[in-house]
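In: need a 3D model of the following:
(one chain, ligands or ions: 1)
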Amino acid sequence: MYSRYIPSAGGQKPTNNVQESPVAKQSPAPPTATNGDGLSYSRYIPGVTPQKQAETPTVQRFEDEPVSPQPKRKRNDGEQLQEPQTKKSKKSKRGKQDVPAENMVEQDGDTEEADDKAEHTSKHARRREKDSEAVPEEQASAEQGKKTKKSKPSEQHGADVKERKGKKEKKKKDKKREEASDEADNESAPDDQNPERTVDPEMVDAEPATENGITPEPEEQQPKKPKKEKKKKSQDVPMNEAQEAEEQDTRHKAVFERLGKSLKYAEIIKEQGIDEEPEEPAELHGLEPLPQPPRAAPSTAKPTYETLPPWLSAPICVSADTRTPFAELGILPKAARVLEQKGYTEAFAVQTAALPLLLPTNKQQPGDLLVSAATGSGKTLAYALPIVRDLSNSVVTRLRALVVLPTRELVKQAQETFELCAKAYEGEDRKRVRVGIAIGNQSLASEQDLLVGKETRYDPEAYKQLEQEAPSSSSHATSASKEDDLDALLGGPDTQQRRANPRLGPWQGQVVDFSSKVDVLICTPGRLVEHLDQTPGFTLSHVRWLVVDEADKLLAQSFQGWLDVVLEKFKTSSSVFGARDFPDMPYSGVRKILLSATLTRDLSLLNQLALWRPKLIVLESGQDAQVAEHSLPEELREFAVRVHDANLKPLYLLDLLRSPHMATNDDGVAKNENLLATRAQSDASSDTSSDDSSSDSDSSSDSSSDSDTDSDTSSSSSSSSESATSRTQTRKPPSTPRSLIFTKSNESALRLSRLLALLDPSLATQIGTLTSTTPTSVRRKTLRAFSAPASPLRLIIASDLVARGIDIPKLPHVINYDLPPSVAGYVHRVGRTARAGREGCAWTLVGDGESGWFWGKIGKSAAVKRAQKVGRVLIEEMSEERIEEYEAALEKLGKEALESRKK
Ligand SMILES: Nc1ncnc2c1ncn2[C@@H]1O[C@H](COP(=O)(O)OP(=O)(O)OP(=O)(O)O)[C@@H](O)[C@H]1O
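Out: So this is what the prediction gives:
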């Protein structure tokens, strides 16, 4: 609520006297003037008769304005000065009396207090006007003087204060002031130091008094009183003020005394430990409490936020260094002996975990199995051994195990392991398990002959029955070859019928019986689909094992929709009763085994397989029990070779191959002290000091870029120290270290092979190339030659064709000439070395523009679990002479390429 000044109707004509007054000349305000808030006040102007009551302005009140809890001070534009200045100005105003009344008054029309002020000020004004007529001039001046600085209320003012006493809020304020006044030596502080005081309503009234030119009484003579007191007290009782002050003092003293006593009493009670009197029991009055159910015990079960199924979130973890004698795992002594002859004295960790679950000795309910274990950890034997053990119990040869792998080389490799196991389980009432492969390296017909046997017999009754039957669902030749079409044309309608059911023989009454020639078929997915489609008598009706090795790759890619086709066959070919029974187990069905070093945890992919009671085995490396997305072999050492100038990358590779870092014997064991030193530094990379950074800057023209991409100072320092101690030497080691070099494509592999031969003609006979364009027979030959220690073949430059699964015995080095396409790609590539618990080194050439990706995704990624940190190797800057040689080699290569295109 605020007050607003509304001038009386018709305005007010200033009298002549007023116009003559010096004050009036400066101010247009009438004798009964209003301040900026519309508050009226009376002003003493000698010789001017105050206006009558009827002419005083009315005050209109508004309820809809927000009420400020405290009076706010609004300055006029001219009142920008700070408070001390305000005081000065006030004094000057008093002295000079030349400032308009509006400027003298605090502008505040918004607050409640201001409303009150406005109200009673207007009353005051009216009353003062009356009083000014009656009270002699001296008395009036004395009264006004009291109001100014000491804010002594007038009689009317005292009455107003009493009225306001009823208001709660004002009471509180008054009380506060009262308390404050006791301590603050009765208004010793000047008003202008207290912003609240500057807006004191009394001040509003007081200002006009100073304007009247009447000098207020000196402050010293007036007793300093709290404002509230001043308001309460009436003008005419100066004696009562002193009495009241005394009374209040005594009252305050009494209150403080009582407080002190009670505090002392409380302390005594505390010290003596006196209990307070117990409360008397309340009378119940027949309102007895209703029987309540017992309180439920708080649940101790922890909420689970797991979204993965338990088998995936809580896998079977096995430490990578676990070794167990085969005999302890239920492997027959004769089989264990055969394995030992091959060098398999103990079961590796993954075999220790998987064999008991897959062998028929398993007491647990059988189900599907997933294995996620590092490269070279022996996964192949982990599934081959129990499958062969199971199939060796059979009497009749039927296709009972289907093993699917992504490449021909891997199929061949798995075949060797299965053959070993078949040998191990042969004899002693066990049949020799027959292992077949289907990889498309020969014609379909010849493969069909190897897989499916055919016998013809004369049986007219069976023939008739077959004629009436629908085409066989188990095997059918839907996409017949051109030769078959010719047969059909020559052979007439019978031939078409025969094609519909391949069991119908070429002659009337002749029936064909098909039989599987293999117990285990290891195949690539594409060739499997072809056989299912085109090979008569090829059936999956008896299959009870399905192995998907390198499962992440096989599930991520369609490979002619092989999985859907196979799973469909598993559903429809179960017509033969007991075909999928496990002889030593109360179980019937197809057991699925999925394996990979980078096994997918993608449930949408895994769900395609309709897994039944699956279990997941995860190989842990190191002491850290945390399961990472990918883990590398514990014996693998990784190095990043910085390539400053990507255009000279082949020269960097040559220098690396000739450097002492790579000098190892053919078993992958370090031959050279420098390499051991490098390894030691790599191990200690975390605590190497960075005080040799100067050497880094010596060798590197833009060493800052290295630190930009790699914030880990410890690793940087390791690189620096390496650069200082193990700088690449161009001294030639005794022989080229046996290395598998990966490029990003077939083309780059071929180009690099030729370029290296041109740069160093001595390497020409030592280099082999493996790409998807290489014929299978050449691939196999190359790999075999590379595995032989005495072979001249020292380097294989390959595409990612051989990145997965290929087992090259005792390969000491893998070099990533080009960065791998993914983290999984890196894991598989470098996994060609450090296999089966042996040492091995992986070297990655990292260009300055690639280091961010390499260190972020691979080198320092938490997703890749490694035993040791990735070390760094710096190659010396290339001399001008070498660069010229390189350019000459490039030119020659270009000419060769042109010539080959012309041909
Ligand atoms: N128990 C064992 N004792 C000694 N050597 C073994 C044993 N089991 C397997 N190996 C050897 O370990 C090497 C790696 O085996 P395997 O190829 O099965 O590994 P992997 O886990 O399948 O690797 P990748 O994931 O790369 O395919 C092979 O040379 C194999 O002969």
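
In: CA only for contacts and neighbour counts going forward, please
Out: Will do.

In: wait, Y587 sits on P366?
Out: Yes: the criterion here is CA atoms under 8 Å, and Y587 meets it with P366 at 7.3 Å.

In: what's the following helix or strand after the longest helix seen in the chain?
Out: Scanning the chain for the longest helix, with DSSP state H as the assignment, gives helix 238-272. Using DSSP states H and E, the next helix or strand after helix 238-272 towards the C-terminus is helix 310-313.

In: packing partners for whichever helix or strand comes after that next one?
Out: Reading on from helix 310-313 to the C-terminus, the next helix or strand found by DSSP H and E is strand 316-319. Judged by 3 or more CA pairs under 8 Å, 6 or more residues apart in numbering; DSSP states H and E, the packing partners of strand 316-319 are helix 349-358, strand 615-620.

In: just the buried residues of stretch 780-788, please?
Out: By neighbour count on 16 or more other CA atoms under 10 Å, the buried set for stretch 780-788 is R780, T782, L783, A785, F786, S787.

In: could you dump the residues you listed into TSV and include distance to the ligand?
Out: Below are the buried residues of stretch 780-788 laid out as TSV (distance: CA to the nearest ligand atom, whole Å):
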residue	distance to the ligand
R780	16
T782	17
L783	14
A785	16
F786	14
S787	11
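
In: who's more crowded, Y587 and P366?
Out: P366 (20 against 14; other CA atoms under 10 Å).

In: may I have the secondary structure class of that one?
Out: coil (DSSP: H, G, I helix; E, B strand; the rest coil).

In: residues from the protein in reach of the ligand?
Out: Counting by CA under 6 Å from any ligand atom, the chain comes close to the ligand at 343-348, 374-381, 596-597, 804-805, 807, 809, 831, 835-836.

In: now a ChimeraX select for only the buried ones of those.
Out: Applied in ChimeraX, the following selects the buried portion of the residues of the chain next to the ligand according to 16+ other CA under 10 Å:
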select :345,346,347,348,374,375,376,377,378,379,380,381,596,597,804,805,807,809,831,835,836
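
In: from the residues of the chain next to the ligand, which land in helices?
Out: Per DSSP H, the residues of the chain next to the ligand map to helices at K379, T380, L381.

In: please tell me how far A888 sits from V518.
Out: In this view, A888 and V518 are 57 Å apart by CA to CA, to the nearest Å.

In: more neighbours, the two?
Out: Higher neighbour count among A888 and V518: V518, with 21 against 14, using other CA under 10 Å.

In: tell me which residues touch the more buried one, please.
Out: Applying CA atoms under 8 Å, 6 or more residues apart in numbering, we find V518 in contact with T397, R398, L399, V433, R434, V435, G436, L451, V452.

In: now with 6 Å?
Out: Contacts for V518 (CA atoms under 6 Å, 6 or more residues apart in numbering) come out as L399, R434, V435, G436.

In: and stretch 395-409, which residues are buried?
Out: Neighbour-count burial for stretch 395-409 [16+ other CA under 10 Å]: 397-409.

In: closest to the ligand among the contacts of V518?
Out: Set against the ligand, the nearest of those by CA to the nearest ligand atom is V435 (16.9 Å).

In: number of nearby residues for that closest one?
Out: 20.

In: quickly list what it is bridged to.
Out: Counting by DSSP bridges, V435 is bridged to V520.

In: so where's the chain shaky on pLDDT?
Out: 1-239, 274-285, 303-306, 470-500, 573-576, 621-628, 664-734 (pLDDT under 70).

In: can you count the residues close to the residue nearest to P386 when sequence neighbours are not counted?
Out: Excluding its sequence neighbours, the residue lying closest to P386 (CA to CA, 6 or more residues apart in numbering) is L359, at 5.2 Å. A total of 22 residues lie near L359 under the criterion other CA under 10 Å.

In: same thing with T773?
Out: Neighbours of T773 using other CA under 10 Å come to 10.

In: try V873
Out: Using other CA under 10 Å: V873 sits among 26 other residues.

In: R503 - how many residues pack around it?
Out: The number of residues packed near R503 is 26, by other CA under 10 Å.

In: for the nearest residue to it once chain neighbours are set aside, helix, strand, or coil?
Out: Closest residue to R503 apart from its sequence neighbours, by CA to CA, 6+ apart: V512 at 4.5 Å. Counting by three-state DSSP, the backbone at V512 sits in strand.

In: distance of V565 relative to V518?
Out: Using CA to CA, V565 is found at 20 Å from V518.

In: can I get stretch 847-867 as PDB, trimmed to CA atoms?
Out: Backbone C-alpha positions of stretch 847-867 (Å, rounded to 0.1, in the frame of the first residue of the first chain) are rendered in PDB as follows:
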ATOM      1  CA  GLY A 847      52.400 -41.600 -38.300                       C
ATOM      2  CA  ASP A 848      52.000 -38.300 -36.500                       C
ATOM      3  CA  GLY A 849      48.500 -37.900 -37.800                       C
ATOM      4  CA  GLU A 850      47.600 -41.400 -36.500                       C
ATOM      5  CA  SER A 851      49.000 -41.200 -33.100                       C
ATOM      6  CA  GLY A 852      45.800 -39.900 -31.500                       C
ATOM      7  CA  TRP A 853      43.800 -42.800 -32.700                       C
ATOM      8  CA  PHE A 854      46.500 -45.400 -31.900                       C
ATOM      9  CA  TRP A 855      47.100 -44.200 -28.400                       C
ATOM     10  CA  GLY A 856      43.500 -43.500 -27.700                       C
ATOM     11  CA  LYS A 857      41.900 -46.600 -29.000                       C
ATOM     12  CA  ILE A 858      44.800 -49.100 -28.700                       C
ATOM     13  CA  GLY A 859      48.000 -48.000 -26.900                       C
ATOM     14  CA  LYS A 860      46.300 -46.600 -23.800                       C
ATOM     15  CA  SER A 861      42.800 -47.900 -24.100                       C
ATOM     16  CA  ALA A 862      41.300 -49.600 -21.000                       C
ATOM     17  CA  ALA A 863      39.400 -51.800 -23.400                       C
ATOM     18  CA  VAL A 864      42.600 -53.600 -24.200                       C
ATOM     19  CA  LYS A 865      44.100 -55.500 -21.400                       C
ATOM     20  CA  ARG A 866      47.900 -55.900 -21.600                       C
ATOM     21  CA  ALA A 867      50.600 -57.100 -19.200                       C
END
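
In: quick one on the thing from earlier: contacting residues for the residue nearest to R503?
Out: Here V512 is in contact with E455, T456, R503, L504, G505 (CA under 6 Å, 6+ apart).

In: same thing but 7 Å
Out: K454, E455, T456, R457, R503, L504, G505 (CA atoms under 7 Å, 6 or more residues apart in numbering).

In: for the one helix or strand the third one maps to, packing partners?
Out: In this case it means T456. Using DSSP H and E, T456 sits within strand 452-458. Contacts defined by 3 or more CA pairs under 7 Å, 6 or more residues apart in numbering; DSSP states H and E place strand 452-458 against strand 510-516.

In: could I have the CA atoms of the strand it packs on written out in PDB?
Out: Extracted in PDB, the C-alpha atoms of strand 510-516 (Å, rounded to 0.1, in the frame of the first residue of the first chain):
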ATOM      1  CA  GLN A 510      17.100 -99.000 -58.100                       C
ATOM      2  CA  VAL A 511      17.400 -97.100 -54.800                       C
ATOM      3  CA  VAL A 512      20.400 -95.000 -53.700                       C
ATOM      4  CA  ASP A 513      21.500 -95.000 -50.100                       C
ATOM      5  CA  PHE A 514      23.700 -92.000 -48.900                       C
ATOM      6  CA  SER A 515      26.000 -92.100 -46.000                       C
ATOM      7  CA  SER A 516      28.300 -89.600 -44.500                       C
END
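
In: cheers, nothing more for now.
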